[in-house]
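# Sharing a model prediction with you, sequence too.
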Amino acid sequence: MAARPGNSRKNDPQATQEDILIVATEEFATHGLAGARVDAIAERTRASKRMIYYYFGSKEGLYLSVLERSYRKIRTLEADLHLADLEPEEALRTLISTTFDHDEANPDFVRLVSIENIHHAAHMLRSDTLRDLNVSVIETIASILDRGIKQGVFRREADPIDVHMMISAFCFFRVSNRYTFGTIFRRDLSEPETKTRHKGMISDAVVSYLKVL
C-alpha cells in the first residue's frame, strides 16, 4: 500500500487514527506483534511515532486497538443484517454466509486472531471492549435458536456458543489453513466453485444439526 496522504486529514484526529489502524492491521497481521515495527507504520501513514504513541499509548496499545477494530467490523456487519426480521433458518443461513464471506475477504483478521492465540489471548484479556463486542453475536444466535425452537423449525436446544464455534471453525479454517491444506491435498480453496460448495456445506451442516435430535 502506498503512503496515505497526510495533509487532507491534518486537523482530523479521527481520520488520522483510522489511517494508522488500517496500516497497523497489515503490519501486525504480516509480522506479528513482536516483528511489527512502529517506524514502518509511521512511515506509511506519514504520522510520527510520537503521534502514534500519543493516540495509542504503546505498541501493545496499538495492537489491542487493531484487534478491537477488527472485531468491531464483523460485529457491525452482523448487526446490519437485521436478522430478527428473517425467519429462523434464513437468518442462520444468512449469518453463516456473511461470516464465510467476511473471513474470505479479510485474511488479516484471521491472521490477527491466530497471532493472539499464540499469545494465549493475553491482550484480549485486558479489553472490556472486546468482551462487550462479542456478546452481541451470541445474543443474536440465541435469539435465532429460540425462535426456531418455538416455531418448530429446530428441534435441538443447542448452546449458542457451540453453534457460533461450529460456524467460526469452518469459516476460519478455510482461511487460516488454506496454504497447508491446499498443498497437502492439491486443492485450491479460493476456487469459486469450491467456495460455493463449502458455503452451502457449512450452512447445511449447522441447520441439519439443529433439526435432528
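That came through, no problem. Numbering: from 1, shown residues only.

# any low-confidence regions in this structure?
Low-confidence segments of the chain, defined by pLDDT under 70: 1-11.

# helix, strand or coil for the nearest residue to Arg178 once chain neighbours are set aside?
Excluding its sequence neighbours, the residue lying closest to Arg178 (Cβ to Cβ, 6 or more residues apart in numbering) is Leu189, at 4.6 Å. (Each C-beta comes from the backbone N, C-alpha and C, glycine too.) Under DSSP: H, G, I helix; E, B strand; the rest coil, Leu189 falls in the coil class.

# quick check: domain ranges of this protein?
As given by automatic domain parsing, the domain ranges for the chain are 7-57, 68-211.

# Need these in TSV (columns: mean neighbour count).
Below are the domains of the chain laid out as TSV (neighbours: other Cβ atoms under 10 Å):
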stretch	mean neighbour count
domain 7-57	16
domain 68-211	16
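
# Val212 contacts Asp204, doesn't it?
No - in this structure Val212 lies outside contact range of Asp204 using Cβ atoms under 8 Å: 11.9 Å.

# ok, and what's touching the helix or strand that contains Lys195?
Lys195 belongs to helix 192-211 when assigned by DSSP states H and E. Applying Cβ atoms under 8 Å, 6 or more residues apart in numbering, the contact partners of helix 192-211 are 89, 92-93, 96-97, 100-101, 104, 145, 148, 153-156, 158, 163, 166-167, 170-171, 174, 187-189.

# can you give me the helices for the protein?
All helices of the chain, identified by DSSP state H, fall at 13-35, 38-45, 49-56, 59-79, 88-105, 107-118, 128-151, 160-176, 178-185, 192-211.

# Check which helices and strands the longest one sits against.
Packed against helix 128-151 by the contact rule (3 or more Cβ pairs under 8 Å, 6 or more residues apart in numbering; DSSP states H and E) you find helix 59-79, helix 88-105, helix 160-176.

# How about residues contacting the first one?
Counting by Cβ under 8 Å, 6+ apart, helix 59-79 makes contact with 20-21, 24-25, 28, 33, 36, 38, 41, 52, 56, 95, 98-99, 102, 106, 108-109, 112, 116, 123-124, 126-127, 129-130, 133-134, 136-137, 140, all of which sit outside it.

# Alright, that wraps it up for me.
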